[in-house]
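Trainee: quick one, fold the following:
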Amino acid sequence: MAIFQVVKGKLVSIEPTTFSEAGFTERADLQQLLKQQIEVIAPNVLIIAEEFGDWADSRRRIDLLGLDKEANLIVIELKRTEDGGHMELQALRYAAMVSALTFDEAVVTFEQYLSKIGHEGDARTRILEFLDWEEPDIEEFPKDVRIVLASAEFSKEITTTVLWLNDHSLDVKCVRLRPYNDAGRLLIDVQQVIPLPEAVDYQTRIRDKRVVERAARTQNRDLTRYDLTVGDETVQNLPKRRAIYQVIRKLCAEGIDPEDIRNVISWKGNALYPVDGELDSTAFEIALAARLTEQGNKPDTHRYFIANDELIRANGKTYAVTKM
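Mentor: Numbering: from 1, shown residues only. Okay, the predicted model is just below:
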């Protein structure tokens with residue numbers, strides 16, 4: 001998209017530029033401006049540190065570390081590049097690192113930041129006032145860690161990753177800072193691109209719904225383990241599919257014809273799948289994939305026990321037991 005200026009009844013586009021072309025540096029210019037007006041990209045956030053790197057590897061530093069009204073820590077990563085580099089991966093690493101930050105550690109961090117920028121005031125009191133707390137709530141600090149990525153542009157890899165992370169209950173926001181050259185004046189178009197501001201509530205509801213659905217699928221899975229005894233032999237702690245496989249294999253080892261087993265469980269269709277010839281695993285997989293495709297099914301050979309020692313050979317055929 002472009003920015004236009006109305007000039008004598010016409011729309012005249014303002015030329016896009018890059019921060020590099022404008023001589024605008026990442027740390028000395030962009031970072032300094034945003035730390036003073038962080039509401040431009042992250043409303044209701046208190047900056048408590050700049051170039052934060054309170055860990056062993058001091059080369060890794062968070063551009064800006066903030067705190068929101070809900071006691072979430074905010075990792076803010078800035079890039080002036082046209083693709084954002086690998087900022088989402090950096091931010092995830094930093095989010096993990098600061099997730100264990102305590103309230104007292106945050107106070108010390110904020111004290112150091114206030115001293116660095118020449119501001120007076122008690123750090124502990126200012127944080128409590130910002131959070132509207134009378135006393136520190138240790139169990140609620142930090143409540144979580146949010147991420148804000150701000151860049152001139154974002155690559156498809158970054159946007160795809162961020163959408164996936166948000167779908168899996170992380171809170172990552174992308175803010176595009178697109179520079180324009182207006183006859184020597186540097187203009188910056190600030191737009192939140194993920195999530196779209198008008199779709200935040202909807203996307204939050206969808207995300208929460210998917211979280212509930214994933215939890216329900218996990219809770220409804222049958223994770224029962226079985227001990228299987230055949231004759232004098234007992235095999236313990238088997239998942240259901242492996243237990244059924246062992247039953248069929250033991251029956252065949254005792255001389256039961258695999259075709260008789262197929263007839264007994266005919267309701268299951270391909271529970272015991274036959275391919276002509278006594279084949280090894282590789283040949284069987286190829287033949288099985290071809291047969292499934294011919295029948296109009298997906299060639300999902302991974303749905304069968306097809307390792308060499310798992311295949312059952314009888315009657316001039318090779319059989320595989322389904323995992324489904």
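Trainee: unless I'm mixing things up, Arg249 is touching Leu311, no?
Mentor: No. Using Cβ atoms under 8 Å, Arg249 and Leu311 do not qualify as a contacting pair, with a distance of 9.8 Å. Heads up, the C-betas are built off the backbone N, CA and C, glycines and all.
Trainee: of these two, who's got more company?
Mentor: Legend: neighbour count by other Cβ atoms under 10 Å for Arg249 and Leu311, higher for Leu311 (21 against 18).
Trainee: got a pLDDT number for that one?
Mentor: Per-residue pLDDT puts Leu311 at 91.
Trainee: ok, the closest residue to it other than its chain neighbours - contacts?
Mentor: For Leu311, ignoring the flanking residues on the chain, the nearest one in space by Cβ to Cβ, 6 or more residues apart in numbering is Thr318 at 5.4 Å. Residues near Thr318 by Cβ atoms under 8 Å, 6 or more residues apart in numbering: 274-275, 277-279, 284, 311-312.
Trainee: again, only this time at 7 Å
Mentor: Contacts of Thr318 were listed using Cβ atoms under 7 Å, 6 or more residues apart in numbering, and they are 275, 277-279, 284, 311.
Trainee: helices of the stretch 101-250 of the chain, residue ranges please.
Mentor: 103-117, 123-131, 156-167, 200-220, 240-253 (DSSP state H, counting those that start in this stretch).
Trainee: want to throw the contacts of Thr318 into a markdown table with secondary structure and distance to Leu101?
Mentor: Below are the contacts of Thr318 laid out as a markdown table (DSSP: H, G, I helix; E, B strand; the rest coil; distance: Cβ to Cβ, whole Å):
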| residue | secondary structure | distance to Leu101 |
| --- | --- | --- |
| Val275 | strand | 59 |
| Gly277 | coil | 64 |
| Glu278 | coil | 63 |
| Leu279 | coil | 59 |
| Phe284 | helix | 55 |
| Leu311 | coil | 55 |
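Trainee: my guess is Tyr319 contacts Pro258. True?
Mentor: Yes. Contact between Tyr319 and Pro258 holds when scored by Cβ atoms under 7 Å: they sit 4.9 Å apart.
Trainee: please name the bridge partners of the residue nearest to Leu311.
Mentor: Val275, Arg313 (DSSP bridges).
Trainee: circling back to that earlier point, worst mean pLDDT among the helices of the stretch 101-250 of the chain?
Mentor: Note on these: helix 200-220 shows the lowest mean pLDDT, a mean of 61.
Trainee: before we move on, back to that, determine which two of the contacts of Thr318 are furthest apart.
Mentor: The widest separation within the contacts of Thr318, taken as Cβ to Cβ, falls between Gly277 and Leu311 and amounts to 11.4 Å.
Trainee: so what are the domain limits for the protein?
Mentor: The record's domain split for the chain, according to automatic domain parsing, is 3-217, 225-321.
Trainee: okay, how far is it across the shortest one, tip to tip?
Mentor: Taking Cα to Cα, to the nearest Å as the measure, domain 225-321 stretches 19 Å from start to finish.
Trainee: and stretch 114-128, by the same measure?
Mentor: Here the two ends of stretch 114-128 are set 15 Å apart, with distance taken as Cα to Cα.
Trainee: buried set for it?
Mentor: For stretch 114-128, burial by neighbour count (16 or more other Cβ atoms under 10 Å) applies to 114, 123-124, 126-128.
Trainee: and which of the residues you listed is nearest His168?
Mentor: Comparing the buried residues of stretch 114-128 against His168 with Cβ to Cβ places Ile127 closest, at 29.8 Å.
Trainee: hang on, isn't that closest one packed against Val107?
Mentor: Yes. With contact defined as Cβ under 7 Å, Ile127 and Val107 form a contacting pair (6.3 Å).
Trainee: ok, residues contacting stretch 138-150?
Mentor: Contact partners of stretch 138-150, identified using Cβ under 7 Å, 6+ apart, comprise 41-42, 68, 70-78, 84, 87-88, 91, 95, 98-99, 101, 103, 171-175, 177.
Trainee: so is the residue with the largest distance to the centre of the chain in a helix, a strand, or just coil?
Mentor: In the chain, Gly255 marks the outermost C-alpha relative to the chain mean, sitting 50.7 Å out by Cα atoms, centre = their mean. Put simply, Gly255 is coil when judged by DSSP: H, G, I helix; E, B strand; the rest coil.
Trainee: ok, it - contacts?
Mentor: By Cβ under 7 Å, 6+ apart, the contact list for Gly255 is empty.
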